[in-house]
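J.: predicted model, plus sequence, below.
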There are 2 protein chains.
Amino acid sequence: MKALILAAGQGRRQRENGDSKPLIPLLGLSFVERVILTAKKSGIKEFLIVTGYNAGKVRKHLKKGNKLGVKIDYVYNAEWRKGNGVSVLKAKDYIQEPFILLMADHLFDDKILFELQQQTIKDDTCILCVDKNHHKYLDLEDATKVFMEDGQIKDIGKQLNNYNGIDTGIFLCTPVIFDALEQSINGGDESLAAGMKILANRRKMKGFDISDRYWLDVDDGSALKNAKSMLIQQLRKNTDGPISRILNRPISIKISELLLKTKITPNQISLVSFITAFFGALFFYVGEYIFLIIGGILVQLSSIIDGCDGEVARLKLMQTKYGGWFDAVLDRYADAIIIFGMIHGHWILHNNLIIWTIGFIALVGSFLNSYTADKYDAIFKKRRKEVNRWRMGRDIRLFLIFIGALSNQILITLVVLGIISNFEAIKRLITLRFRHA
Amino acid sequence: MKALILAAGQGRRQRENGDSKPLIPLLGLSFVERVILTAKKSGIKEFLIVTGYNAGKVRKHLKKGNKLGVKIDYVYNAEWRKGNGVSVLKAKDYIQEPFILLMADHLFDDKILFELQQQTIKDDTCILCVDKNHHKYLDLEDATKVFMEDGQIKDIGKQLNNYNGIDTGIFLCTPVIFDALEQSINGGDESLAAGMKILANRRKMKGFDISDRYWLDVDDGSALKNAKSMLIQQLRKNTDGPISRILNRPISIKISELLLKTKITPNQISLVSFITAFFGALFFYVGEYIFLIIGGILVQLSSIIDGCDGEVARLKLMQTKYGGWFDAVLDRYADAIIIFGMIHGHWILHNNLIIWTIGFIALVGSFLNSYTADKYDAIFKKRRKEVNRWRMGRDIRLFLIFIGALSNQILITLVVLGIISNFEAIKRLITLRFRHA
């Protein structure tokens, strides 16, 4: 399916500084790039963008879409100062099939478009995504309201008194919208809502409830701040362990914000996290307490950086399966090298051979901890909400090593690590036996 | 969807010894159990079974289906000596919806029913699965032939001269079949094929080509042998490594055939394989050459038994995701314990401390080998045919240990293991980088 994106307007607050709203950068991507990449995640590869204000800048910014892995065509709307219905109508000659209609300055959950595309639609009908829970960031005064009943939009407009939902600016349209817009523009109203109202009067405007998904109309300066905190909120995963939630994530998000201003890729960040762990292990290898302290700090730093690769990937909408896998394999090597460093350091200092056996058990537990978690998640596709918020993970393991190094207790740390990680792995084997066998 | 299974007949060759064909055991299951469990794999949970000859035995054998995790109802056909069309007609009062029709003595690939259920079917139509490649086990003389054109069955019968496909006995029917059968039985032909022919004449009998799937009509003694070799052939996986293919699988299949005669479950077999490896490791732990030999043999034996759990599970159609996972986690622990035994045995005999470092590296490689394979398969869902037939896997690793123990070369074995397993893991990281990034 093709998507039509409206990027012709100037934006209320941007008039002063001359910026073009779709081009405002936010956490590594401009708005319009984020809209395109979000749509791409639901399988949309072809885009038609209506330009107007700063049309040249928009075209120069996106070009033909190669950089984003999509195909972009443009249509110019010289009358961009008029209502947004005029912008949509400019696409009339280019679209003969059902299409997705999006605003260049709205952010939204990619699952919305995925679900919207599953809807069946008749030739004479359009579907508007409606939000029935007015979320906290909504500028209610400026929003277009709708009254929806039995899946039909009955009325739509900014000045609606009796409404039960908000127009999210996300549509599944058929070319019938162009006829409706011609009619409403001839009637003197150039807004998209006016065209929609004509369809609503024909009972050909359906509403699709997306109240449980996030979306945001970034229409002014404070909305920009809201958009940022909304995007950052998405980074906290329900699978995050306790150390990750409380300590690592708040710091890694700050680092990611800086990294987003550079060209560093997520895989490069994974590599940096690995190298940091490697140097931590090198300090452990020496064994002296002062080196343990440095090593411990490096290991904990590596654990924090380990969050950044995923954050940058998600914020730039460039997550790949390979990236996740690459990160996971490097993590396993880092785990092994850190434990080896601990064993060696303790051994040459104390000449205590039992440390090899203890370290060996800790390594096995550490691996089996990750191995059972991965296999478990891959096989049972456990829903996120079910995840035990205190489950034994890498964040806890590395934090234990950090504490153990700072307190000069390598032997005890490895004993503890060996016991709790193997315990966790075996616990998973047993509990699942009785829940899913 | 419901399935109707014909289990009323006596079977040509069974007349002599009085057996009931659906109840003949083959590799751990009776025919009719295998048919039911195969259908269950494609989501069918409700069965109606037409009994006749030995009806009581069949009912006693299957009961209400609780053991198989399905719901079974029965209808008795006192006229079971007549044609099989009469048996189908007995179900008339019990079925008002489209249903699957199966023969109790036909074995088939579970994907057939999965695909067949995806077909859309009109009220007045039936679909027959047709095999256009007459496979080597087919008794052509006894088979029902069909002539199929443009997806329609044009003619059907045992004595067809001009045919291009074989009736597999697998149908997607609507209740229209009962009307057709009443008509054909009134006309004097009591066979199911006669009813089908009536629908074919109305152009309401469609053919569904399943030529690339396996199926088998087990109609006599030699077919029984063929069925056995066909089922055993299914056990050889394309992901089998070279040692598995050449050495382990032929032996494990023989063991599985014995195990199928017992009540031992696949998970219990996984445990036996683990315990065998554990004892192998215990012998390694001692270090003396004579113990190495025993340990090596036990390790290789464990590798062979490790194939039996999956074989028994597949032959009894009782594969579970938990079972595969349980086996994988036990394998990782077995790998670790074996390597630990090797390290310790070598160390106490030769007092050579470097063995700990080498063993540590071998353990890491061994784990990463499994970890990358699992993650790789889970993420990239590589098609089976693409799998490298020489890929480094557990079968090779354990065989190397076996050879190393027999030749008293533990140190070299661990060095080799460490190098090739880590090499393989890193190779996967790099090659995938350029193929799927």
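T.: Great, that's in hand.
J.: correct me, but A:I348 touches A:E288?
T.: No. Contact criterion C-beta atoms under 8 Å: A:I348 and A:E288 do not qualify, at 9.9 Å. C-betas here are computed from N, CA, C, even on glycine.
J.: now the helices for the stretch 1-150 of chain A?
T.: Taking DSSP state H, counting those that start in this stretch as the criterion, the stretch 1-150 of chain A carries its helices at A:31-41, A:55-62, A:84-89, A:110-118.
J.: oh sorry, the question was meant for the stretch 301-437 of chain A
T.: Assigned by DSSP H, counting those that start in this stretch, the stretch 301-437 of chain A shows helices spanning A:321-350, A:354-380, A:394-406, A:410-436.
J.: burial measure for the residue lying closest to A:K375 once chain neighbours are set aside, as a count.
T.: Spatial nearest neighbour of A:K375, excluding adjacent residues (C-beta to C-beta, 6 or more residues apart in numbering or on different chains): B:W325 at 5.2 Å. Counted by other C-beta atoms under 10 Å in any protein chain shown, the residues lying close to B:W325 total 23.
J.: gap between B:W325 and A:Y53?
T.: 57 Å (C-beta to C-beta, to the nearest Å).
J.: and what of A:V75?
T.: 14 Å.
J.: before we move on, what about A:V329?
T.: Counting by C-beta to C-beta, the gap from A:V329 to A:Y53 is 47 Å.
J.: what are the ranges of the strands in chain A?
T.: A:2-7, A:25-26, A:29-30, A:46-51, A:71-76, A:99-103, A:106-108, A:126-131, A:145-149, A:152-157, A:165-173, A:205-209, A:215-217 (DSSP state E).
J.: thinking again about what came up before, ok, now how distant is the residue nearest to A:K375 from A:L429?
T.: The value you get for B:W325 to A:L429, if C-beta to C-beta is used, is 8 Å.
J.: I'd say A:I210 and A:I127 touch.
T.: No. Applying C-beta under 8 Å, one finds A:I210 not in contact with A:I127, separated by 10.8 Å.
J.: got the contact list for the closest residue to A:L68 other than its chain neighbours?
T.: Of all residues not flanking A:L68 in the chain, A:I36 sits nearest, at 5.6 Å (C-beta to C-beta, 6+ apart). Counting by C-beta atoms under 8 Å, 6 or more residues apart in numbering or on different chains, A:I36 makes contact with A:I5, A:F47, A:L62, A:G65, A:L68, A:V70, A:I72.
J.: can we see that at 10 Å?
T.: A:3, A:5, A:29-30, A:44-45, A:47, A:49, A:62, A:65, A:68-70, A:72, A:102, A:104, A:317 (C-beta atoms under 10 Å, 6 or more residues apart in numbering or on different chains).
J.: A:K206 too?
T.: A:119, A:121-122, A:125-128, A:130, A:148, A:150-153, A:172, A:199-200.
J.: also A:G43?
T.: Contacts of A:G43 by C-beta under 10 Å, 6+ apart are A:M1, A:D110, A:L113, A:F114, A:Q117.
J.: and which of these is nearest A:T276?
T.: The shortest approach to A:T276 among these belongs to A:D110, at 31.8 Å (C-beta to C-beta).
J.: the closest one touches A:R213, doesn't it?
T.: Yes. At 9.2 Å, A:D110 and A:R213 qualify as touching, with contact defined as C-beta atoms under 10 Å.
J.: list buried residues within the contacts of A:I36.
T.: With neighbours counted by 16 or more other C-beta atoms under 10 Å in any protein chain shown, these contain buried members at A:3, A:5, A:29-30, A:44, A:47, A:49, A:62, A:65, A:68, A:70, A:72, A:102, A:104, A:317.
J.: of those, which is the nearest to B:I269?
T.: Distances from B:I269 to those, taken by C-beta to C-beta, are shortest for A:L317, at 46.1 Å.
J.: which residue sits closest to that closest one in space, ignoring its chain neighbours?
T.: Closest to A:L317 by C-beta to C-beta, 6+ apart is A:L37, at 3.8 Å.
J.: correct me if wrong: the one you found contacts A:K45.
T.: No. The pair A:L37 / A:K45 is not scored as a contact, 11.4 Å apart, by C-beta under 10 Å.
J.: between the two, which contacts overlap?
T.: A:L68, A:G69, A:V70.
J.: residues in contact with the residue in the stretch 1-150 of chain A positioned nearest to chain B?
T.: For the stretch 1-150 of chain A and chain B, the shortest gap (C-beta to the nearest C-beta) falls at A:G69, measuring 12.3 Å. Counting by C-beta under 10 Å, 6+ apart, A:G69 makes contact with A:I36, A:L37, A:K40, A:K45, A:M318.
J.: need the max-distance pair from these.
T.: Within the contacts of A:G69, two members stand farthest from each other by C-beta to C-beta: A:K45 and A:M318, at 15.9 Å.
J.: about what we covered before: drop anything exposed from the contacts of A:K206.
T.: Buried members of those, counted by 16+ other C-beta under 10 Å: A:I121, A:T125, A:C126, A:I127, A:L128, A:V130, A:M148, A:I153, A:L172, A:L199, A:A200.
J.: pLDDT added to those, as JSON lines?
T.: JSON lines is the format used below for those (pLDDT from 0 to 100):
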{"residue": "A:I121", "pLDDT": "89"}
{"residue": "A:T125", "pLDDT": "94"}
{"residue": "A:C126", "pLDDT": "95"}
{"residue": "A:I127", "pLDDT": "96"}
{"residue": "A:L128", "pLDDT": "95"}
{"residue": "A:V130", "pLDDT": "93"}
{"residue": "A:M148", "pLDDT": "93"}
{"residue": "A:I153", "pLDDT": "93"}
{"residue": "A:L172", "pLDDT": "96"}
{"residue": "A:L199", "pLDDT": "95"}
{"residue": "A:A200", "pLDDT": "94"}
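J.: distance to chain B for those residues - can I get that in a markdown table?
T.: A markdown table is the format used below for the buried ones among the contacts of A:K206 (distance: C-beta to the nearest C-beta, whole Å):
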| residue | distance to chain B |
| --- | --- |
| A:I121 | 21 |
| A:T125 | 24 |
| A:C126 | 28 |
| A:I127 | 26 |
| A:L128 | 31 |
| A:V130 | 33 |
| A:M148 | 33 |
| A:I153 | 33 |
| A:L172 | 25 |
| A:L199 | 32 |
| A:A200 | 34 |
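J.: low pLDDT regions in chain A?
T.: A:11-19, A:134-137, A:220-221, A:378-389, A:435-437 (pLDDT under 70).
J.: so which residue is dead centre in it?
T.: Geometric centre of chain A, nearest residue: A:R314, 4.3 Å, by C-alpha atoms, centre = their mean.
J.: for it, which residues are in contact?
T.: Counting by C-beta under 10 Å, 6+ apart, the residues that A:R314 touches are A:L27, A:L231, A:Q234, A:L235, A:K237, A:S256, A:P266.
J.: and the second one, what does it touch?
T.: The contact partners of A:L231, taken as C-beta under 10 Å, 6+ apart, are A:L26, A:L27, A:G28, A:L29, A:R34, A:L107, A:Y214, A:L216, A:R314, A:L315.
J.: now do the buried residues in stretch A:316-336.
T.: Buried residues in stretch A:316-336 (16+ other C-beta under 10 Å): A:316-319, A:322-336.
J.: and stretch A:369-378, by the same measure?
T.: Quick answer for stretch A:369-378 (16+ other C-beta under 10 Å): A:N369, A:S370, A:Y371, A:T372, A:A373, A:D374, A:K375, A:Y376.
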